[in-house]
Structures are given as structure tokens and as C-alpha cells.
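*Asks:* Need coordinates for the following:
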Amino acid sequence: MATVADQFIEVLRQAGVRRIYGVVGDSLNPIVDAVRRTDGIDWVHVRNEEAGAFAAAAEAQTTGRLAVCAGSCGPGNTHLVQGLYDAHRSGAPVLALASQIPSAQIGSGYFQETHPERLFAECSHYCEPIVTPEQMPRILRTAIQHAIGLGGVAVLTLPGDTAGKDVAGPAGEHDFLVHKGIVQPPSDQVEKLAGALNRARKVMLFCGGGVKGAHAEVMQLAHKVLSPVGHALRGKEWIQYDNPFDVGMSGLLGYGACYEATQEADLVVLLGTDFPYDQFLPGKNTVQVDSDPSRLGRRTPLDLAVHGDVKETLRLVLDKVEQKHDRSYLDEMLHRHTRALENVVSAYTRDIEKHIPIHPEYVASVLDDVADDDAIFTVDTGMCNVWVARYITPNGRRRVMGSFVHGSMANALPHAIGAQYGAPGRQVISVSGDGGLGMLLGELLTVRLHRVPVKIIVFDNASLGMVRLEMMVDGFPAYETDHEAVDYAAVARAMGIESSRVERPAEVADGLKRALAAPGPYLLDVATDPNALSIPPRITSEQVKGFALSAGKTVLTGGVGKMLDLARSNLRNIPRP
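*Replies:* Predicted coordinates for the structure are as follows:
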């Protein structure tokens, strides 16, 4: 007779799940044994359930399919919470199994008792217990459909004794909704959007992750209304490439003329973005297009809210938009964008052969050159976010993943593990800070155990660089942000992972090429300059004063890499009178 655990795994296989990330043991034993006896699904043993949740999130974002993680009762599933918050806020379809103490003991203050249905309610679309065999498989299928259909996390609580009971009936077959419909905007909203675009003299398009698949339509609209096109961090990979209207990125990691273009426009059109930093938005003259109506207007007041898929909305509105002819605003922003990048190009090119510790900007620039055209970059929160945002060039095939909404440390390596499982034939690069790597250092053992061929590039400045910057901008002396240097290459080598350490700029290119060419996992530890800090393109006078009090020196802002070449190319394409 099949058990509830057997049926649980059978339904996961029907949903296309190929693996479960977690730590085995205790209340999970019936589930783990069902995995052992089932073809087509594996258990990926991680060293911390938090990493398992991060890995599942990255696999889901890589494949677009459901991914699964699990934690045993008590501490096993409370460890999941950080990664599940990240997955949920990133919209990654993840199912988490939070196994529970024996069902007869719930509510008695039993050993390791927690209440997962309360704990995970805020970071999930669906969080329910399975306490009897009769609830299966319906509750599991309901949870899966919530994760896939709404984009985010579903959590099921399952006591170990319930998992071991005989099933109440057959699992049967079920067709899961995988491909969602496209939201078409109401016709009156399309008409109003066209009217707003036609009336405005200076239009600015600001793009987020929701422009995925709509690159051509955004470019067509920008050409018609002669608009600069800027982006948030999550929109960078989908809109910056092949973009003659590019003016960079806004926000805390921003660069170029994006902020200026946003402030000086008569009409700002937010396309598929839930950009959270309202201080970078004009607060007026704004239209927003989004397929999720809950996002409309929650960051800034709107003149018009359009509920629709970005690609479909632009397809419908393009024929109604009149061709503009005054390029003065667009051309001015392109010039400002180029100047902003040129002013800081020496930040990573001047005396690079002599600068020790190594400029992190230089490392990111070289990595951009030598990485595959379809590489997947996973990036730690902190200064690594800055270097990747400003120096890794998108091309429509590369992917960049990070904890961009939840902002958790230590995500890069476990994200890389999940991304590599999701895309076994692609180059996956973990851009790790030493702070993030140290926090979940045990996942190097996961990489070694499963021979996951990820490439781990450690930007090792022996400092919590972003925290250091935050303190200085607020006028506080940096305190407890710096620590003794660690040779992470030696640590990786001791774990059985091929590795090397680079301390001189002249060694960077060869070191990166060696790491990326390795057939298996490789860790390259690069000693970078802790004083290489970066601030947003706009900060307040109080922040400037605070930074001056703390540092007494100027910090360069802006971003270069190949973006400078693109900006110069765009200027050459400006028609001459």
C-alpha cells in the first residue's frame, strides 16, 4: 500500500519536479525514503535549509518551472524562511515542505514544536497543513497551482506520522496550469495612454523586469516618441542591450543620466516595474503599465494606471501614437549619459597594473569580457550588486539573478547551485562577496558533494563594503565592518574544490579564464580594494555632508564597462542638422 509520502512525491513528479533541496532527517524521513524509491526525482543535500530555499528559487527562475525545498520539524523548517522570502518577493514558483512534529503532539509545547502555518504566512501565497491522508492529493495540487499561477511560494505543513500513513485513494492524473494567459488592457486605458503620449513633449520610458519579452515593442515606442529609456536593476537584462535610447539605471546602484531624464520629462511611463525607491521618481506626470493591478500606484501618484501586459499594451497603443520630431530632449539626455560615464572611466583604467589591492571595477570589467555570452550570473547583495549592475553587459541571452527585492546576504552561491541544476549546460558564475560567502560557507561542501560545476568569483575586500558606505554617508565612522583577511582559495582547496587566489591586477585575466575553463567547480579568490565604494547618482546634501565628515574624500559615482562604448555609439547615431 502506498503512503502519503509516496503520493506526495508522485504528484510532484506529475508537476515536473526533478529534485528537492534540503537536509534529510527526523520528520522528513518518509518523504526522503519515497524520493529514494522514485525514479526521476533526486534529493539535493544542502548544508543549510536556507540555502536549499535559495537554490530552489534560482532553479525556478532559470527554468520557469516549479522547484521544491524542504525542512524538517522545528529548526529545519525555520531555516527556510530567508530563502523563501527571497523566492516569494522575486515571484519564483517554489513549493516548500515544512514537516511537522507528530500530529498528536501539536499544541502541547512538544520538542521542536513550531507553527509553520503562522511563520510562513507572510512569505507565501498559500500556507496550509496536511493532517489526514484524505487531504491528499488535493491540497498538494492546490499549493502547487498557487505557486505556479500566482508566481511565488506555497508552503505545506506535513507531520511525519501523517506522511507515513497509507493513502486514502489513488493520486490520479492532473493537468497543471503552467502557461498563464496574457493580460490585455481595457480599450479606454489604451486610448488614454496614447493621448498622454501624444500630448507630452518630453517622454521618458522607465523599465523593470516586466518588459521581459517586450524589447522590440519598447524600442518601437521609444523611436516614435523620441524617448530616453532607463531601467531599474531587474529590468537591465531585458532592455539595455541593442538600445540606442539607453540612459542607464536609476536607484541606489544607478548610473548615467537616468535620474535626470526622469526628473526633466513631461511624462514618465513606468513599464513593468515595481521600483521601490520613490525618492528617485518625480512624484508627478507619471503613467504606469503593469500586469499586476496591486502594483499600480503604490510607489508614486499616477496620472493614468494601465492594467495590462507590457508587450500586449504597447502592441495595442503603437498604432495610435504619433511620430514626434523634436529630438532635443532625447539628444541632451544621451549626451549627459555619455559624459557621466566618461567622467569616471579612469576609475578602473588608470594605473590598474600598479593598484594593489585590485580595483573591483576592473575585475568585473574583465569578467564581462571573458564570460560566456549566455552565462548566468548570481550576485551577492552589497557592493557585488554594484559591480555587476554597472559592468556586466546584457545581451538578451545572459541572465543576472540576485536577492534584488528581499536584499538578503549570502544568496549568490546557493542561487548558483540552483541555477546550475536548472541549466546544466550553461556557465553559471557566482559573484560572491567575502561577507556573503562566509555567511553560508558550508555550501561549498554542497558544491563539492554534488560536483556542481559552478564558478565562484570572490570579491574579497575583507569588509562589509555596502554597510561601510551606509555608515559613512550617514556621518558615522565605519565600525565593525572590516575584518582580517581570509584566504578563501585555501578554504575551498581544503574542501576539495579547485581554487586559486589573485592579488595583483596583472593576474586577473588569466585567473578568471582559468576559473571559467575548469570542467568542474572552481573558486577564484580576488583580493579587492575595500576603499572602492560607490554612491548613487543623486544623494541629498545631508548625505554629502555626512560622507564628507566621515571620509573627507570624494567617491566616484557612475558606471562604465561596455556601457560607455554603447553610449558613444548612440551619440554617433544622432542625426546632424
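*Asks:* which residues of the stretch 151-300 of the chain fall in strands?
*Replies:* Along the stretch 151-300 of the chain, counting by DSSP state E, counting those that start in this stretch, strands occupy 153-159, 203-207, 229-231, 246-249, 255-256, 267-271, 286-290.
*Asks:* Packing partners of the helix or strand harbouring residue 317?
*Replies:* Here residue 317 is covered by helix 310-318, with elements defined by DSSP states H and E. Packed against helix 310-318 by the contact rule (3 or more Cβ pairs under 8 Å, 6 or more residues apart in numbering; DSSP states H and E) you find helix 187-199, helix 215-225, strand 286-290. For glycine as for every other residue, the C-beta is placed from the backbone atoms N, C-alpha and C.
*Asks:* Kindly recompute the last result at 7 Å.
*Replies:* Judged by 3 or more Cβ pairs under 7 Å, 6 or more residues apart in numbering; DSSP states H and E, helix 310-318 is in contact with helix 187-199, helix 215-225.
*Asks:* returning to what we had before: okay if I get the strands of the stretch 151-300 of the chain as CSV plus mean neighbour count, distance to residue 325 and mean pLDDT?
*Replies:* Below are the strands of the stretch 151-300 of the chain laid out as CSV (neighbours: other Cβ atoms under 10 Å; distance: least, Cβ to Cβ, whole Å; pLDDT from 0 to 100):
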stretch, mean neighbour count, distance to residue 325, mean pLDDT
strand 153-159, 28, 49, 97
strand 203-207, 30, 13, 98
strand 229-231, 30, 18, 97
strand 246-249, 28, 20, 94
strand 255-256, 28, 25, 84
strand 267-271, 26, 17, 98
strand 286-290, 24, 22, 98
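*Asks:* can you list those strands in a markdown table and add distance to residue 53?
*Replies:* Shown next, in a markdown table, are those (distance: least, Cβ to Cβ, whole Å):
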| stretch | distance to residue 53 |
| --- | --- |
| strand 153-159 | 9 |
| strand 203-207 | 29 |
| strand 229-231 | 28 |
| strand 246-249 | 28 |
| strand 255-256 | 32 |
| strand 267-271 | 30 |
| strand 286-290 | 27 |
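*Asks:* that older thread, residue 320: which of the helices and strands packed on helix 310-318 is closest?
*Replies:* Each of the helices and strands packed on helix 310-318 has some distance to residue 320 by Cβ to Cβ; the shortest is helix 187-199, at 3.6 Å.
*Asks:* Looking at the helices and strands packed on helix 310-318, which one is packed in the most?
*Replies:* Ranked by mean neighbour count under mean count of other Cβ atoms under 10 Å, the helices and strands packed on helix 310-318 are led by helix 215-225, which reaches a mean of 19.
*Asks:* Could you tell me the angle between it and helix 187-199?
*Replies:* 50 degrees (axes from the mean of the first three to the mean of the last three Cα atoms, to 10 degrees).
*Asks:* on that earlier part again, I'd like to know which of the helices and strands packed on helix 310-318 is closest to residue 521.
*Replies:* With Cβ to Cβ, the closest approach to residue 521 among those belongs to helix 215-225: 33.4 Å.
*Asks:* got the angle for that closest one vs helix 310-318?
*Replies:* Angle of helix 215-225 versus helix 310-318, following the same axes, to 10 degrees, is 30 degrees.
*Asks:* Can you dump the C-alpha atoms of helix 215-225 in PDB for me?
*Replies:* Presented in PDB, the C-alpha positions along helix 215-225 are these (Å, rounded to 0.1, in the frame of the first residue of the first chain):
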ATOM      1  CA  HIS A 215      12.200  44.600 -26.100                       C
ATOM      2  CA  ALA A 216      11.100  45.200 -29.700                       C
ATOM      3  CA  GLU A 217       7.900  47.000 -28.600                       C
ATOM      4  CA  VAL A 218       9.700  49.300 -26.200                       C
ATOM      5  CA  MET A 219      12.300  50.200 -28.900                       C
ATOM      6  CA  GLN A 220       9.500  51.000 -31.300                       C
ATOM      7  CA  LEU A 221       7.700  53.200 -28.800                       C
ATOM      8  CA  ALA A 222      10.900  55.000 -27.900                       C
ATOM      9  CA  HIS A 223      11.600  55.600 -31.600                       C
ATOM     10  CA  LYS A 224       8.100  57.100 -32.100                       C
ATOM     11  CA  VAL A 225       8.100  59.400 -29.100                       C
END
